[in-house]
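1. From the sequence below, what's the structure:
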Amino acid sequence: MITLSRVGQVLTKRLKKLGLENNLDLLFYYPNRYEDFSIISKIANLQLDQTTTVKGKVEIINNRRSWRRRMMITEAVIKDDTEGIKVVWFNQPFISKIIKAGEEIFISGKVSQDQIGLLFKNPIYEKARADTTHTARIIPIYPLTEGITQKQIRFLTKQVVQNISNIEDWLPEKIIKQYKLLALKEALQQIHFPDNWQKLRAAQRRLGFDELFIIQLFNLKNKKELAQKKAPIIKFQKKPIINLVDNLPFKLTASQKKCAWQIIKDLEKNKPMNRLLEGDVGSGKTVIAAIAMYNTALNNYQAVLMAPTEILAEQHYQTLTNILGKDTVAIVTRNKKSIFHDSKIIVGTHALIQQKIKFNNLALAIIDEQHRFGVAQRQALQEKSGLTNLIPHFLSMTATPIPRTLALTAYGDLDLSIINEMPKGRKKIITRLVPEEKREKAYQFIREKIINSEQVFVICPLISESDKLGVKSVEAEYERLKKEIFPDCNIAKLHGKLKPKIKEEIMADFRDKKYHLLVSTSVVEVGVDITNATIIMIEGAERFGLAQLHQFRGRVGRSEKQSYCLLFTNSNAPATIERLESLVKSHDGFKLAEYDLKLRGPGAMYSTEQSGFVSNFKIANLSDHILITEAKEAAKNIIDELKNYPLAQKRLEKFQKIIHLE
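-> Down below sits the predicted model:
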């Protein structure tokens, strides 16, 4: 627990919601922005709407009740050597017990005006002292949860920061000197309570370097260990592969051919492949997986494709059986298990490594939508593979376009293959931001499409109603659409709390056109392929990131029919509207991902299957190419002598454990 004074049980529980359970948690809980209250102004020089700090003596302070507004008002007058100013706090009567007449205080905030003149409303206050926490300096602003104030977090963090004299600096001294970095202790002090903007930038540089450096060490160590291992040689079976490609119901794009060839060349080596295949929604990654798996099977080895959800596993199974034939592919999920001992191509969820399943000679493992496949899982697959002194080749796939800087930084141990073009003949999905007054018109449009035998997705941010958030939920929207809007339609609902078998049945029935509309949470975000669905309607669109919205949009537009993505939002904030308009204007997932990265940071861009790795970037700016280059260079310089730096080695081991928990 947090061993600090003045932390009661209630506050301890609230801090726990933020992941703050001890001193170290607080120390590494960085501010997400800062307010500059470091300039101290004379009261006579104050101007309306100015944000500043004044220092003065309290002339008078008292509470009075406002009967008109039914609240307690605390009023004070403070004076410096130039003039006096009125200060007002609403519903904070305790302030008159903390601040007494005759005391010297700092007031920080925005200058307002009433009928009498200038005044401060609800400013931050603090008794005047040399080392302030909340005023007269650059003050940190932290992410909060309900029931915790900035003052509480600052107060607690200040106590921790003042007692970090014995913190170990894990970064080797030669790296600190070579790259002119702050010592860890100073960086942590300055990130929370900076002396000035220059010191703050230096602290951000040091802590950002730490994040990038540990990831580069992790990548290099992985690459080094993998290079020492051997994998089966899977020869290119030219004639049958060409025959397979020629018989596909569509032509491979140049980009697909290039990626397939990179994978085939990797498989021909006795060094384990470790590659990330990324392509926009609907760009055709599964066909590349099918080619690689078929080529592996032709070499008399087994290949497995693992997906994070039953829905996605079932989808891959359908696609692969369409391409390779039903008798060729086996499936293993928690609820479904076909006999696969002799099968060369197997699709499944993580049940494949969790259950007591043994392979004969597994040579290729394809992992979908989990870029970080941990050492423990690899070890499990290796032990189950049936290979002697060899390990399987690994291919990760993702439909979430990852900005190149993020991919090369976070996934630097993976070789990268990118599908950067869409299959020919696909129509661009028409995306519209629909204002509330046009909702009825949108419903009419949907009704016309349903009459035309087309299907509709409706996406909601929540499963059930939340009064506090005021956001649409699957349960409530399902009832409303069923009873009020489309009473003559067959409507289904889908969310993560349903049993896997029920989810599977609903998706199968939707695919078989038994439902006109499917009301769902983000469980349909990735991989669901319903060619007859032509409209996706997204409620509370502001609550999703651009990358995620782009994924949703990819659930439609999978046939020659024109498809539509309708965005609804309760927000009028200009930044939100601008962000959603960028989705209306752009269909390039990589551009949208870059934009999302700038706006939201890497951790917030991805769903839980992907966020464990990139969410380690709290400070690092992935557009800072110089710092990324320096961190890579520094990691290369010490990777071969890591045992000489026990603190860095210990830090890397701890980092590996965190990563592999995902």
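2. tell me, how many neighbours does the closest residue to Gln237 other than its chain neighbours end up with?
-> With sequence-adjacent residues excluded and distances taken as Cβ to Cβ, 6 or more residues apart in numbering, Gln237 is closest to Leu298, at 4.1 Å. Any C-beta I mention is one placed from the backbone N, CA and C, and that applies to glycine too. For Leu298, the count of nearby residues is 17 (other Cβ atoms under 10 Å).
3. Verify the stated contact: Leu298 with Lys239.
-> No - in this structure Leu298 lies outside contact range of Lys239 using Cβ atoms under 8 Å: 9.7 Å.
4. ok, the residue nearest to Gln237 - contacts?
-> Gln237, Pro240, Ile241 (Cβ atoms under 8 Å, 6 or more residues apart in numbering).
5. Okay, and which of those residues map to helices?
-> Using DSSP state H, the members of these that fall in helices are Pro240, Ile241.
6. Can you select the buried ones from the contacts of Leu298 in PyMOL?
-> For the buried members of those, the matching PyMOL selection, counting by 16 or more other Cβ atoms under 10 Å, is:
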select buried, resi 237+241
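7. now the contacts of Leu298 as JSON lines including distance to Ser623 and pLDDT?
-> Below are the contacts of Leu298 laid out as JSON lines (distance: Cβ to Cβ, whole Å; pLDDT from 0 to 100):
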{"residue": "Gln237", "distance to Ser623": "44", "pLDDT": "96"}
{"residue": "Pro240", "distance to Ser623": "46", "pLDDT": "96"}
{"residue": "Ile241", "distance to Ser623": "40", "pLDDT": "96"}
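8. Would you quantify the distance from the residue nearest to Gln178 when sequence neighbours are not counted to Tyr179?
-> In this structure, Gln178 finds its nearest non-sequential neighbour in Ala634, 7.3 Å apart by Cβ to Cβ, 6+ apart. For Ala634, the distance to Tyr179 equals 7 Å [Cβ to Cβ, to the nearest Å].
9. So which of the two has more stuff around it?
-> Taking neighbours as other Cβ under 10 Å, Ala634 and Tyr179 compare with Ala634 leading, 23 against 17.
10. That one: helix or strand, and which one exactly?
-> Taking DSSP states H and E as the criterion, Ala634 maps to helix 625-638.
11. between the contacts of Leu298, which is nearest Ser108?
-> Using Cβ to Cβ, the shortest approach to Ser108 within the contacts of Leu298 belongs to Ile241, at 69.2 Å.
12. Tell me the backbone dihedrals of the spatially closest residue to Gln262 that is not a sequence neighbour, please.
-> Among residues not flanking Gln262 along the chain, Ser417 sits closest, at 5.1 Å (Cβ to Cβ, 6+ apart). When read as degrees, to the nearest 10, the backbone of Ser417 gives phi -120, psi 130.
13. what's around Ser417, how many residues?
-> Around Ser417 there are 23 other residues, counting by other Cβ under 10 Å.
14. cool, and Thr629?
-> The number of residues near Thr629, taken as other Cβ under 10 Å, comes to 11.
15. Look up how far Lys636 lies from it.
-> Distance, Thr629 to Lys636, using Cβ to Cβ: 11 Å.
16. go on, Gly348?
-> Counting by Cβ to Cβ, the gap from Gly348 to Lys636 is 38 Å.
17. now Ile450
-> Distance from Ile450 to Lys636, counting by Cβ to Cβ: 59 Å.
18. repeat for Glu581
-> To Lys636, Glu581 is 43 Å away according to Cβ to Cβ.
19. if I pick Thr405, what's in contact with it?
-> Thr405 touches Leu597, Leu622, Ser623, His625, Ile628, counting by Cβ under 8 Å, 6+ apart.
20. What's the local residue count around Pro249?
-> Pro249: 6 neighbours (other Cβ under 10 Å).
21. typo on my end, Asp327
-> Residues near Asp327, counting by other Cβ under 10 Å: 8.
22. Now do the same for it: its pLDDT.
-> In this model, Asp327 is scored at 81, pLDDT.
23. all numbers from here: first residue = 10
-> Right, with 10 as the first residue, what we last looked at is Asp336.
24. ok but it is inside a helix, no?
-> Yes - assessed by DSSP: H, G, I helix; E, B strand; the rest coil, Asp336 belongs to a helix.
25. So which of Gly357 and Lys645 has more stuff around it?
-> Between Gly357 and Lys645, Gly357 has the larger neighbour count (other Cβ under 10 Å), namely 26 against 12.
26. Contact partners for the more buried one?
-> Val313, Leu314, Met315, Ala316, Ala322, Ile340, Val341, Thr342.
27. which SSE is the nearest residue to Ser595 once chain neighbours are set aside in?
-> Distances taken as Cβ to Cβ, 6+ apart place Leu601 nearest to Ser595, at 5.7 Å, with adjacent residues excluded. If you go by DSSP H and E, Leu601 is part of helix 598-609.
28. Buried ones in that helix, by neighbour count?
-> Gly598, Phe599, Lys600, Leu601, Ala602, Glu603, Tyr604, Asp605, Leu606.
29. That one: how far from the chain's middle?
-> 12 Å (Cα atoms, centre = their mean, to the nearest Å).
30. Summarise which helices and strands it is packed against.
-> Here helix 598-609 touches helix 413-419, helix 555-562, helix 583-594, going by 3 or more Cβ pairs under 8 Å, 6 or more residues apart in numbering; DSSP states H and E.
31. wait, doesn't Lys652 sit right on Gln658?
-> Yes - with contact defined as Cβ under 8 Å, Lys652 reaches Gln658; the gap is 6.5 Å.
32. of the two, who's got more company?
-> Taking neighbours as other Cβ under 10 Å, Lys652 and Gln658 compare with Gln658 leading, 16 against 8.
33. Per-residue pLDDT of the residue nearest to Gln271, please?
-> On the pLDDT scale, Ser426 gets 91.
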